[in-house]
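Chemist: After the sequence you'll find the predicted model.
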Amino acid sequence: RKEVEQDPGPFNVPEGATVAFNCTYSNSASQSFFWYRQDCRKEPKLLMSVYSSGNEDGRFTAQLNRASQYISLLIRDSKLSDSATYLCVVNTDKLIFGTGTRLQVFP
Amino acid sequence: SQTIHQWPATLVQPVGSPLSLECTVEGTSNPNLYWYRQAAGRGLQLLFYSVGIGQISSEVPQNLSASRPQDRQFILSSKKLLLSDSGFYLCAWIRDSDTQYFGPGTRLTVL
């Protein structure tokens, strides 16, 4: 079983749609969690950290479920500029990156 | 503010040739530094990390080596490149104990 698993997608959604990504992790001792965004042929950039209580940043909401060992990212009112690959990242004693979920928002 | 630089941005090398990729960080001291590789369609693979000058930890056995000759300089090298070394190489540093920030990367193609 992979340490961090994500649905590779692609998720093709129209502008204005709400889209959700899930990520599961295998190590119950994982300490912290993140979502990164990676544009084509660019470096990953931190989108947001994920806290147990859930956190929101504008149109983006991240949730953590430690009991089920999954993390989610919800994007509301999708914009064309949200098109990218979203990487789930889990910190155990080092950062483990998922392979990413590709999102394509169309007009 | 902190900035991380990598060069070159793009590199095409023949099989068997040597490699040297450089990463430098500005605006911080004694950072933890990391080298990752992202192969086409695959996730980020941690190659090396360093907590200080001359201190290198290797995550996977491979054809590559790393060195940290100065506090804010991290170098990735190979004596003889293989086709499988092709990929997107990213240098990263860590802030706030676990938040990583990446440099712009070097896209390496081995022919």
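Modeler: The structure has been received and is ready for your questions.
Chemist: Could I get the contacting residues of A:Thr92?
Modeler: Counting by CB atoms under 8 Å, 6 or more residues apart in numbering or on different chains, A:Thr92 touches A:Glu3, A:Asn27, A:Ala29, A:Ser30, A:Gln31. Heads up, the C-betas are built off the backbone N, CA and C, glycines and all.
Chemist: what do you get if the cut-off is 10 Å, keeping everything else the same?
Modeler: With contact taken as CB atoms under 10 Å, 6 or more residues apart in numbering or on different chains, A:Thr92 is in contact with A:Glu3, A:Val4, A:Tyr25, A:Ser26, A:Asn27, A:Ser28, A:Ala29, A:Ser30, A:Gln31, A:Ser32.
Chemist: Ok, B:Trp35 next?
Modeler: When contacts are counted by CB under 10 Å, 6+ apart, B:Trp35 touches B:6, B:21, B:23, B:45-50, B:56, B:58-59, B:64, B:66, B:74-76, B:89-92, B:103.
Chemist: sorry, back to before: quick one, which of the contacts of A:Thr92 are buried?
Modeler: Buried members of these, counted by 16 or more other CB atoms under 10 Å in any protein chain shown: A:Val4, A:Tyr25, A:Ser30, A:Ser32.
Chemist: Can you convert the residues you listed into TSV and add a column each for secondary structure and pLDDT?
Modeler: Written out in TSV, the entries for those read as follows (DSSP: H, G, I helix; E, B strand; the rest coil; pLDDT from 0 to 100):
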residue	secondary structure	pLDDT
A:Val4	strand	93
A:Tyr25	strand	95
A:Ser30	coil	88
A:Ser32	strand	90
